[in-house]
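K.L.:
Build me a model from this:
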Amino acid sequence: MSAPATMANAKPSRRATLSRRASFWAAAAFAFLAFAASTAASPLYRVYEDKFSFAPTTLTLLFTVYIVVLLGTLLLFGSVSDYTGRRMVMLAGLALGAAGCGLFLIAPGVGLLFAARALQGVAVGLISGAASAALFDLDPNGGAAPVLSSAAPTGGQALGAIAASVLAQYAPAPTHLVWWLLLGAFISGVVAVLAMPEPGTVRPGVVSSLRPHVSVPQAARGAFATAVPALVGIWALAGFYLSLGPSLAAQLLRSTNLLWGGILIFLLTGLAATASALLARKNPSAVMLGGCLVLIVGALVTIASIETGTPAVLFVGTAIAGLGFGPAFMGAYRATVAAVTSPDRTGLITAIYIVSYLATGIPAALAGIATSHYGLRKTALVYSVAVAVLAALAVSRLLARQTAPGRAEHGTRHADGPPGPGTVPPCPPLGATPPTSESISAEQMAMSSAGPAIHWLETITDRSEIGERTPARTMGSSPR
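P.N.:
From the prediction side, this is the model:
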């Protein structure tokens, strides 16, 4: 995520007509819009599959090309708005988002669908970092900026999936109306940006910001190796749900109603964000442990639903997986980042997000190939088993590290949280570390009732904190 500038331009453009408060809410809307548009395609994949007669491999590649382009955009341009100003980057992102909607509208075949998804990847990469940084620029001392910045990825995803599935199922022109509405929203965003004052500053150094810094310092290699199985399992699951999830729901339900696919995605992302928010201040290793255990249960329930052909159980398994998904990522992230001091965190955070994005796209593409050869049911079964195995491997490695002689965690209770709710890998912070978890109030980010799994997770994390509190205080300051 682009580091928010500490000072706003003293002389805003004469053309600026929006107040700082109105500009703040406009920037928040841009962030939600970008993620909503990117997820709007997920419930429509089945419609395009029937319309253009392509295989599941093509379906998952449509998802993967978005992930690959998004990752490249974040690595190259994630910090550009720190130097060119927020308005220019947001304007470019909104314009490309509008162009992507236009390509969806005129697409006569699968070729333009790939081009549209690529443009969406660039648009989300540009908007997410610049809009989030603009929120902190426009409201540096308020509590709304971190809440909205964190809520935008998941909130946008959830809204995009539900809205697109409802429109595709119950409104006319299923492959056109949603893109017309999003096109209008992007164009409105362009007009709003042109009327905004510049939230950030313009300064030299933009060329040097294009060189991404990726590293895993020696002190963090053990924690990083422990986190990798969890990161791969978590984001592979997300990639499957965002690409083939609606198709799996349709197969088990024996229904062509597109709304079910949107609900499935909403359950995974929404409950993941809620669980992450409620556990934001707990011990990160304990949160990761509890999240991985819940994720294993969710994967096993999903396997049972596929084996028995019970669609209701699929939605239950998805909900359980969501409750483990968000905390597992948040815990893995914080436990890894806490192993090094702030100056060494930028390259490490970037490495975490590279693993996360690649794990989102590559397994989904492989699942598409497997579905074309072996069918969706067998692919989903093997995929769910793989996710459970990866989560179990993360649990075993984490327990081994925690019980190693002389092993003690340091500073993890106050480590930085990921710059998002832990349900979408946000922009790697190439210029600065993300906001600390203390600046984000869990009570502000989510409601307090999210089911018994969260209460169980809270119990586990509370017990772990009691066990780790004394060693963390008495040992030296250098993390292992």
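K.L.:
Distance from stretch 219-229 to the middle of the chain?
P.N.:
20 Å (CA atoms, centre = their mean, to the nearest Å).
K.L.:
Please list the residues outside it that contact it.
P.N.:
Stretch 219-229 has contacts (CB atoms under 8 Å, 6 or more residues apart in numbering) with 216, 288, 332-333, 335-340, 344, 348, 351-352, 355, 390-391, 393-394, 397-398, 401, 478-480. Quick note: C-beta positions are derived from backbone N, CA and C, even for glycine.
K.L.:
among those residues, which are in strands?
P.N.:
With strands taken from DSSP state E, there is no overlap with the contacts of stretch 219-229.
K.L.:
Now the buried members of those residues.
P.N.:
Buried by 16 or more other CB atoms under 10 Å: 216, 288, 332-333, 335-340, 344, 348, 351-352, 355, 390-391, 393-394, 397-398, 401, 479-480, out of the contacts of stretch 219-229.
K.L.:
Below-threshold pLDDT in the stretch 201-350 of the chain: ranges please.
P.N.:
343 (pLDDT under 70).
K.L.:
check contacts around the residue nearest to V190 when sequence neighbours are not counted.
P.N.:
Distance criterion CB to CB, 6 or more residues apart in numbering; nearest residue to V190, sequence neighbours excluded, is L94 at 4.9 Å. Shown in contact with L94 (CB under 8 Å, 6+ apart): F30, A123, I127, F186, G189, V190, V193.
K.L.:
got the CA positions of the host helix or strand of L94 in PDB?
P.N.:
According to DSSP states H and E, L94 maps onto helix 86-106. What follows is helix 86-106 as a C-alpha-only set of coordinates in PDB (Å, rounded to 0.1, in the frame of the first residue of the first chain):
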ATOM      1  CA  ARG A  86      -2.900  10.600  -5.400                       C
ATOM      2  CA  ARG A  87      -5.200  12.200  -7.900                       C
ATOM      3  CA  MET A  88      -3.100  11.200 -11.000                       C
ATOM      4  CA  VAL A  89      -2.900   7.600 -10.000                       C
ATOM      5  CA  MET A  90      -6.600   7.300  -9.000                       C
ATOM      6  CA  LEU A  91      -7.600   9.000 -12.300                       C
ATOM      7  CA  ALA A  92      -5.600   6.500 -14.300                       C
ATOM      8  CA  GLY A  93      -7.000   3.600 -12.400                       C
ATOM      9  CA  LEU A  94     -10.600   4.800 -12.700                       C
ATOM     10  CA  ALA A  95     -10.100   5.400 -16.500                       C
ATOM     11  CA  LEU A  96      -8.700   1.900 -16.900                       C
ATOM     12  CA  GLY A  97     -11.500   0.500 -14.800                       C
ATOM     13  CA  ALA A  98     -14.000   2.200 -17.200                       C
ATOM     14  CA  ALA A  99     -12.100   0.800 -20.200                       C
ATOM     15  CA  GLY A 100     -12.300  -2.700 -18.700                       C
ATOM     16  CA  CYS A 101     -16.100  -2.400 -18.300                       C
ATOM     17  CA  GLY A 102     -16.300  -1.200 -21.900                       C
ATOM     18  CA  LEU A 103     -14.400  -4.300 -23.200                       C
ATOM     19  CA  PHE A 104     -16.800  -6.600 -21.200                       C
ATOM     20  CA  LEU A 105     -19.700  -4.800 -22.900                       C
ATOM     21  CA  ILE A 106     -18.400  -5.300 -26.500                       C
END
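K.L.:
Report the distance from it to the chain centre.
P.N.:
20 Å.
K.L.:
how about that helix: buried residues?
P.N.:
86-105.
K.L.:
And the next helix or strand past it?
P.N.:
Downstream of helix 86-106, the first helix or strand assigned by DSSP H and E is helix 110-138.
K.L.:
wait, isn't A364 in contact with S243?
P.N.:
Yes - here A364 reaches S243: they are 4.7 Å apart, a contact under CB atoms under 8 Å.
K.L.:
shared neighbours, these two?
P.N.:
Contacts common to A364 and S243, judged by CB under 8 Å, 6+ apart, are T60, F63, T64.
K.L.:
Can you tell me which of those end up in helices?
P.N.:
T60, F63, T64 (DSSP state H).
K.L.:
before we move on, which element is the residue nearest to the first one when sequence neighbours are not counted in?
P.N.:
Among residues not flanking T60 along the chain, G368 sits closest, at 2.9 Å (CB to CB, 6+ apart). G368 belongs to helix 345-374 when elements are defined using DSSP H and E.
K.L.:
in that helix, what counts as buried?
P.N.:
Under the neighbour-count criterion of 16+ other CB under 10 Å, helix 345-374 has 345-368, 370-372 buried.
K.L.:
isn't I354 right up against H213?
P.N.:
No - taking contacts as CB under 8 Å, I354 lies outside contact range of H213: 11.5 Å.
K.L.:
For my notes, confirm T256 occurs in a helix.
P.N.:
No - under DSSP: H, G, I helix; E, B strand; the rest coil, T256 sits outside any helix and is assigned coil.
K.L.:
Can you name the residues that contact the closest residue to it other than its chain neighbours?
P.N.:
Leaving aside its chain neighbours, T256 sits nearest to A250 (6.6 Å; criterion: CB to CB, 6+ apart). Counting by CB under 8 Å, 6+ apart, A250 makes contact with R46, T256, N257, W260, G261.
K.L.:
Show the buried residues in these.
P.N.:
When the contacts of A250 are checked against 16+ other CB under 10 Å, the ones flagged as buried are R46, W260, G261.
K.L.:
Tell me the one of the residues you listed nearest D137?
P.N.:
Nearest to D137 among the buried ones among the contacts of A250 is G261, at 37.2 Å by CB to CB.
K.L.:
Let's verify the closest one: helix, strand, or coil?
P.N.:
Under three-state DSSP, G261 falls in the helix class.
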